[in-house]
Structure formats: structure tokens, C-alpha cells
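Chemist: the following block contains a protein sequence and its predicted model.
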Amino acid sequence: MAAILHVDMDAFFASVEQRDHPEYRGKPVIVGAAPDARGVVSTCSYEARKFGVHSAMPSRTAYRLCPQGIFVPPDGKRYHAASAEVFRIFERYTPYVQGISCDEAFLDVTGSRLLFGTPVEIAQKIRADIAGELHLTASIGVAPNKFLAKVASDLNKPDGLTIVPTEPEAIRAFLAPLPVTRIFGVGKTMTALLHTHGIRTIGDLQQTHPLTLQRWVGPNSAAVLHQLAFGIDDRTVETEREEKSISRETTFLEDTTSLATVRSVLLELAADVARQVRAARRYAATAHLKWRTADFRTQTRQMPLPRVANDDFSFRDAALQLLSGLLTGQNIREEDAPLREPVRLVGFGVSHFRDTPPPAEAGLFGPDPADTQAEKREALSHAMDRIREQFGAVVRIGTDACDKS
């Protein structure tokens, strides 16, 4: 069964303002035109919404409703940067991300369960990453299709997680008490028309005969409304671009100076990235390292792989080389040695994908040993994937284990 998440950031622009301006926290923040200017509210914090302020409202009206509100002009550059960070978190868990806006997206995590757990666990991890790393909150709906996931994400805002059942009868019961306005496409005109016929909830729609509905709204609208009333939606998550990179990163619960800890986490991240690349049936040509210290300074390094690859061993080798280059003068294999400064976050990723490995080179004395080694590494990595799928976690194999086989 498909597993779809709908992630909706909570009062996104206003939340970014409150995050970046501690003096705004807990207060009504209204992002948009100034209260004495012609213009509208772009968004507002939940504190402002208690006064009746909402998006698209004239700012002068918002001021009359909430004169104590803090009016701030939109800062598109900061919001875009925050949005990019949010979407990078999404892409740790699945390459199938359909952005609806800068603060909203559908994620298909059907194929991510082996790596990251159940859809609910994935949703919990995404919310935790957004909160822990970006100091923002998101509401997520977990469901078997896009319509249900969207409905669910709206039900428990802010900072909510709503899980839709998967059985048809349970889905029907989940939808029944909700107003018909929860169905996308049911605007003011359609709502008024349905209300004239006594249709106010999705449950009312469920009990209306399709032919009767056709007479009221026409055959096309009737067909869509009838399907959605029962939670039927066969739309897929559509990615608008080819995946450009796959990466994983970890923020430590406490800043650490332990090289052994950082090295171990980095190797596991490299293996996770390798599994995602294999799952996508791709090969990567470039590796990347991300490093953030306790004072929030971020450094990145990248290097071309000796040959395009998707195996754990090549990615771990690259991770260690990048780490060695970053920590110039420190032997990264001396795991007891402390780092020079505490580390907050470490990440590993790959990019420049290809669909096939390079063709094998036939040398004068037989196959190129590098080709043979690459084939062994990839075969062993696929074997470990199968073992994980059947038995769960697998003890990590050292980076040189394949070379000694």
C-alpha cells in the first residue's frame, strides 16, 4: 500500500520571524503590508489568528482587529533559505518530493520503510529534524493517498501528526464528520450549492446517490466528489525535476569532540546514502561532506569518486577521505584523539548521477582489477540489502572487507 505524507509548515513566514527575533515569540506577528499602507496580510502567527487575523486580509483590517500586532514586511530571501533547508530534510527520507509551495509538500515514502521505518516513524523523524535543526514546526498527515494526507495535515495544526486509517470502512468513518469544504475544489459556489441540498458534511456526500449528485453539480464534478467522499484518490506524487543529490545528515544531541563518535556516524550516513542510491538504481560520481561546529559555522567539501558507484565501501572510503581533508593534520584513524572544536552536525551526500556503471575495461592480461573490485563491492552491498530486508539491522563491514575477500 502506498504511504504518502503531506507536510505543511506552521505559519511559515511568521514562524521564521519568531525564530530569528526572540522578542517576537509568543506575540502576534503579522507578515505583510504595514498597517497604514494599502496591502494585505501574507501570513500571521497563531497568536494573531486568535484575534481573527488571516492571510489575504487587508492590513488595515488586521490592525483594527489586533492593534498590538507586530507588523513586519516579508523577507523573501530568508524565507527561501529556510524553505530550502526544509526540503533538504525531506530529501533525506525520499527522492519523491512534490513541492506545492515553499512551505508545503507531498512525500511518497512507500519505498523508504526499509531504511527509515514505518510511515508514522518517518513523519516523526521529519518533524523532529525540522524542530531540532531549524527551530520550526510542521504538521504532517500520514495516509495511503494525497487527498487523505492533505486532509489529515490540516486537522491538528500547529505541530500536529495525524494518521489516517487504511481500511476502506475506517477511511469512510474518518471522513464522514468533516465539512464538505475539506474536499479540494469545493469553494464558496460549490459549498453554497451543496448546502441548498442539505449536504454539509462528507458523510452527507457519502449517502447521496451518484445520479442525484450528477443532477446537482454535473457528471464530472459528481464523479470527483463521490470518489473523494470515500477517500479514493489515484494521483501520484510528481517530482518536477530529476533528483540532483541524495544526502543524510545527523545533528548530535550534544556537541561532541569525540572523533570516534563522528567517524562512526559519518560511516553510517555514507552507508545509508548508498542504500538510497541503490534503491533508486543509480550510480553517483561525486561525494560531499557537510560539517557544522558548535558555533554554527558550516563547512562543506566535495570530491569526485574514482569511478561512479553505489556501494557502501566506495561511499565510506570517500567519506573518510573528505573527513581527512577537512581535519588537516589530524589522523582520523586515531579514534581516541579529540577534535579541535566541538561538532554539532555532520552530513554526507552524493550527486552527479548516472543510470549505469562505466563499461568494464578489458586489459592486455584480462579484466581490469578495479572493475572486478567494483563488481564485488556492489554485489556484496546488494547482498547486505537483502539480508537487512529479511532480518533487520546488519553489523557494519569495514571498508576494506571486500578487498580482502
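Modeler: Thanks, I have the structure now. Every value quoted in this text rests on a predicted model; they were computed, and no experiment measured them. Numbering: from 1, shown residues only.
Chemist: strands of the stretch 301-405 of the chain, start to end?
Modeler: All strands of the stretch 301-405 of the chain, identified by DSSP state E, counting those that start in this stretch, fall at 338-354, 362-363, 366-367.
Chemist: do the same with the chain
Modeler: Counting by DSSP state E, one finds strands in the chain at the ranges 4-9, 29-32, 41-44, 70-72, 97-101, 104-108, 138-143, 161-163, 245-258, 283-293, 298-309, 338-354, 362-363, 366-367.
Chemist: hmm, who's touching the second one?
Modeler: The reference is to strand 29-32. Strand 29-32 has contacts (CB atoms under 8 Å, 6 or more residues apart in numbering) with 13-14, 17-18, 39-45, 47-48, 53, 59, 62, 66, 69-74. All C-beta atoms are positioned from the backbone trio N, CA, C, and that covers glycine.
Chemist: mind listing the residues bridging to residue 299?
Modeler: residue 291 (DSSP bridges).
Chemist: surely it is in contact with residue 291?
Modeler: Yes - counting by CB atoms under 8 Å, residue 299 does reach residue 291; the two are 4.7 Å apart.
Chemist: what's the overlap in contacts for those two?
Modeler: By CB under 8 Å, 6+ apart, residue 299 and residue 291 have these common neighbours: residue 326.
Chemist: between those two, who's got more neighbours?
Modeler: More crowded of residue 299 and residue 291, by other CB atoms under 10 Å: residue 291, with 21 against 10.
Chemist: next one: the residue nearest to the spatial centre of the chain from residue 352, what distance?
Modeler: Nearest to the mean C-alpha position of the chain, by CA atoms, centre = their mean, lies residue 90 at 1.6 Å. Separation of residue 90 from residue 352 (CB to CB, to the nearest Å): 21 Å.
Chemist: again, but for residue 343
Modeler: Taking CB to CB, one finds residue 343 at 27 Å from residue 352.
Chemist: hmm, back to that, what's the most buried one of the strands of the stretch 301-405 of the chain?
Modeler: Stretch with highest mean neighbour count among these: strand 338-354 (a mean of 19; mean count of other CB atoms under 10 Å).
Chemist: does anything pack onto it? Which helices or strands?
Modeler: Judged by 3 or more CB pairs under 8 Å, 6 or more residues apart in numbering; DSSP states H and E, the packing partners of strand 338-354 are strand 245-258, helix 259-279, strand 283-293, strand 298-309, helix 312-326.
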